[in-house]
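Engineer: Build me a model:
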Amino acid sequence: MQGIDYLAGCVYHMIHFSNLPNILERRALLSKENVILEAITYQSIAFEDVQNLRDRIFVWDFSKQIFRSLHSYVPFYFATHTPMLYVQYRNRIQNEIVIFEVNRSILKQSGVLFTDGNASNQQLSKHSSEFVEIVPASIRRNTCRRRYQPGGPRGSNPNHTDFYSDTSFLDRLKWDILTDKWWHMDDERKRIKHAEVLVPDTVPLSWLTGITVSTPAMVRSVSNLISECGLTDRIPSVTCKPEMFF
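Structural biologist: Residues are numbered from 1 along each chain as shown. So this is what the prediction gives:
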């Protein structure tokens with residue numbers, strides 16, 4: 001739709017509070033690939049079977065002319081009330097979640113990609129070893145391409161998620177679903193609700209525009225850690241926004 005500024009607003013990255021000291025120490029959010037390379041101990045809030053699917057997804061990097069692992073990107077969500085956050089609520093750890101906010105203008109940076117749904121939804125089988133190489137839609141070719149090896153896809157999911165390398169494709173996202181706070185949804189709406197922004201390798205904390213938690217007690221805990229790491233007034237103050245949680 002003309003006249004809509006899709007770059008107005010933020011994107012969001014969730015972590016468990018126990019991971020915050022390592023993030024503050026490094027002054028950055030790291031991709032899972034970099035976390036593993038640095039042998040950093042962390043508490044994952046992701047489903048292991050979904051992580052296994054992401055292990056088998058490789059995305060074309062136009063600048064380096066190579067396929068790179070999906071795990072080499074730091075993922076953000078366009079939506080706040082995602083099914084993934086609802087899982088943390090159901091697991092009774094929502095109050096231990098910290099949400100980092102970054103302006104959507106990050107999408108203009110070189111190498112940053114976005115998707116129209118959960119990046120792991122590529123019709124891969126959970127019980128076989130095929131993998132997929134994805135070339136995001138670009139200015140030169142406006143369709144997303146994928147190649148399965150050694151053949152496929154073998155999964156039963158009828159839908160797949162496309163990748164995009166230019167902000168001109170933001171109008172392809174289902175914004176009515178992304179901005180809807182209603183969490184009762186079918187599998188396809190869940191896929192769409194998890195549309196991602198993918199930042200290569202690392203996100204410096206200096207890029208943050210907000211740090212959000214669900215309780216005043218967590219505000220104090222996060223603020224104390226920020227102070228101990230010497231980052232007070234160097235990154236955004238922590239705010240309590242219960243409306244961003246379930």
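Engineer: Count the neighbours of Lys32 for me.
Structural biologist: 21 (other C-beta atoms under 10 Å). C-beta: built from backbone N, CA, C; applies to glycine.
Engineer: what does Arg141 give?
Structural biologist: 11.
Engineer: separation between it and Phe76?
Structural biologist: 25 Å (C-beta to C-beta, to the nearest Å).
Engineer: ranges for the helices of this protein?
Structural biologist: Per DSSP state H, the chain carries helices over the ranges 20-26, 32-37, 48-54, 83-90, 175-178, 187-193, 216-228.
Engineer: what does stretch 140-147 rub up against?
Structural biologist: Gln122, Val132, Glu133, Ile134, Val135, Pro136, Ala137, His160, Asp162, Phe163, Tyr164, Phe169 (C-beta atoms under 8 Å, 6 or more residues apart in numbering).
Engineer: Quick one: mean pLDDT over it.
Structural biologist: For stretch 140-147, mean pLDDT is 97.
Engineer: Give me the distance from it to the chain's centre.
Structural biologist: Centroid separation between stretch 140-147 and its chain, computed with C-alpha atoms, centre = their mean, to the nearest Å, is 21 Å.
Engineer: now stretch 36-51
Structural biologist: 14 Å.
Engineer: Need the residues that contact that stretch.
Structural biologist: Residues contacting stretch 36-51 (C-beta under 8 Å, 6+ apart): 14-16, 18-19, 22, 30, 32, 35, 84, 87-88, 93, 97, 118, 120, 126.
Engineer: Go again with 6 Å.
Structural biologist: With C-beta atoms under 6 Å, 6 or more residues apart in numbering as the test, stretch 36-51 has contacts from His16, Ser18, Asn19, Asn22, Ser120.
Engineer: Out of the contacts of stretch 140-147, list just those in strands.
Structural biologist: Using DSSP state E, the members of those that fall in strands are Val132, Glu133, Ile134, Val135, Phe163, Tyr164.
Engineer: Nearest approach to Ser110 belongs to which of the helices of the chain?
Structural biologist: Taking C-beta to C-beta, helix 32-37 is the member of those nearest to Ser110, at 18.1 Å.
Engineer: in the closest one, what's buried?
Structural biologist: Lys32, Glu33, Asn34, Val35 (16 or more other C-beta atoms under 10 Å).
Engineer: any idea which of those residues is the one closest to Ala8?
Structural biologist: Lys32 (29.1 Å).
Engineer: If you drop the residues flanking it in sequence, what lies closest to the closest one?
Structural biologist: Counting by C-beta to C-beta, 6 or more residues apart in numbering, Lys32 lies nearest to His71, which is 4.3 Å off, once chain neighbours are set aside.
Engineer: residue contacts, that neighbour?
Structural biologist: Taking C-beta under 6 Å, 6+ apart as the test, what His71 contacts is Lys32, Glu33, Arg54.
Engineer: for Trp207, same thing?
Structural biologist: Per C-beta under 6 Å, 6+ apart, neighbours of Trp207: Val102.
Engineer: now it: how far from Gly230?
Structural biologist: 18 Å.
Engineer: and the gap between the residue nearest to Lys32 and Leu37?
Structural biologist: His71 is 11 Å from Leu37, by C-beta to C-beta.
Engineer: same deal with Ile4?
Structural biologist: Counting by C-beta to C-beta - Ile4 and Leu37 are separated by 39 Å.
Engineer: likewise Ser156?
Structural biologist: 34 Å.
Engineer: Equivalent analysis for Pro204, please.
Structural biologist: For Pro204, the distance to Leu37 - C-beta to C-beta - is 18 Å.
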